[in-house]
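*Asks:* no sequence on hand, only this structure:
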């Protein structure tokens, strides 16, 4: 019975039939005649009947041999198709990429990379899921996504032994105030001037509270919280109506209201690190490598632009 292990012998029979003699096939393939003969005898035993009629001038296929050759041609066609598919994947002409992001990067850094990726690799099936950090890490671990944008602060590093992290850029922290705030006309502000202010912060024990405390560098200081927002757009709205001021990562200010002002902070101001994470043991695919390069380029351009503005 011919099984999956016989595929090489089937292809060998096709080569012998093509060349007409075992000697010519052996010369073309770099085998010995005895080695080819031995493999074809095994194939005949598996087939349960002769596949070749041997004579002094060469070989002739039996009816059973012809049937095997038909399937050999199909196998060769499938192998060629497989190689084309592999070449397409290696050349980023085919394949898929499922990646993750978090909202502030999804509205600032990521679109530049995706726009370029879509232009250069339109045939790739790209999907992106936006979640908070821990949910993204969970999806990386479960392999629902193969790579993800993440963030961390100096005092709360993502120290995960099975995760490989690439540092893309630093995201500075800016002060956002209402256009009617006494500080609105200033070009820069020192954090120690803000100790008596009311603050609009992120909800659910977001690390921005810690960023405010560390930025003030004032013993025993804790911000007076006027509002806990679920996202930075909500925070901007509350700042705009004068409920408080807010510290906001610069990447979260890509969409800015016209009734608030953004002020750079002087002194030691906390910044967050923007990272690209993937599982250490997973091998990077050509598609992932292409997207990584585009994210690196987008981060460099955004960092340079932020530097010029500041």
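*Replies:* All right, it came through fine. None of the values given here were measured: they were computed from a predicted structure. Numbering: from 1, shown residues only.

*Asks:* any chance you could map the strands in the protein?
*Replies:* Under the criterion DSSP state E, strands of the chain are mapped to 52-55, 58-61, 96-101, 125-130, 147-153, 163-171, 173-178, 189-190, 198-202, 224-229, 246-249, 260-263, 265-266, 272-279.

*Asks:* now render those as JSON lines, adding mean neighbour count, distance to residue 290 and mean pLDDT.
*Replies:* Where you see a C-beta, it was placed from the backbone N, CA and C, and this is true even at glycine. Below are these laid out as JSON lines (neighbours: other C-beta atoms under 10 Å; distance: least, C-beta to C-beta, whole Å; pLDDT from 0 to 100):
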{"stretch": "strand 52-55", "mean neighbour count": "14", "distance to residue 290": "49", "mean pLDDT": "82"}
{"stretch": "strand 58-61", "mean neighbour count": "17", "distance to residue 290": "47", "mean pLDDT": "82"}
{"stretch": "strand 96-101", "mean neighbour count": "20", "distance to residue 290": "9", "mean pLDDT": "93"}
{"stretch": "strand 125-130", "mean neighbour count": "14", "distance to residue 290": "11", "mean pLDDT": "94"}
{"stretch": "strand 147-153", "mean neighbour count": "23", "distance to residue 290": "11", "mean pLDDT": "95"}
{"stretch": "strand 163-171", "mean neighbour count": "18", "distance to residue 290": "14", "mean pLDDT": "95"}
{"stretch": "strand 173-178", "mean neighbour count": "22", "distance to residue 290": "32", "mean pLDDT": "94"}
{"stretch": "strand 189-190", "mean neighbour count": "16", "distance to residue 290": "42", "mean pLDDT": "88"}
{"stretch": "strand 198-202", "mean neighbour count": "21", "distance to residue 290": "33", "mean pLDDT": "93"}
{"stretch": "strand 224-229", "mean neighbour count": "16", "distance to residue 290": "36", "mean pLDDT": "94"}
{"stretch": "strand 246-249", "mean neighbour count": "24", "distance to residue 290": "27", "mean pLDDT": "92"}
{"stretch": "strand 260-263", "mean neighbour count": "20", "distance to residue 290": "34", "mean pLDDT": "96"}
{"stretch": "strand 265-266", "mean neighbour count": "16", "distance to residue 290": "37", "mean pLDDT": "86"}
{"stretch": "strand 272-279", "mean neighbour count": "20", "distance to residue 290": "13", "mean pLDDT": "95"}
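
*Asks:* quick one: low-confidence parts of this protein?
*Replies:* 1-5, 81, 84-94, 217-219, 306-310 (pLDDT under 70).

*Asks:* need the helices for it, in chain order.
*Replies:* Per DSSP state H, the chain carries helices over the ranges 7-19, 22-29, 33-47, 63-90, 103-106, 109-120, 133-141, 208-216, 232-240, 286-309.

*Asks:* tell me which other helices or strands the longest one touches.
*Replies:* Looking back up the chat, that one is helix 63-90. On a contact count with 3 or more C-beta pairs under 8 Å, 6 or more residues apart in numbering; DSSP states H and E, helix 63-90 meets helix 7-19, helix 33-47, helix 286-309.
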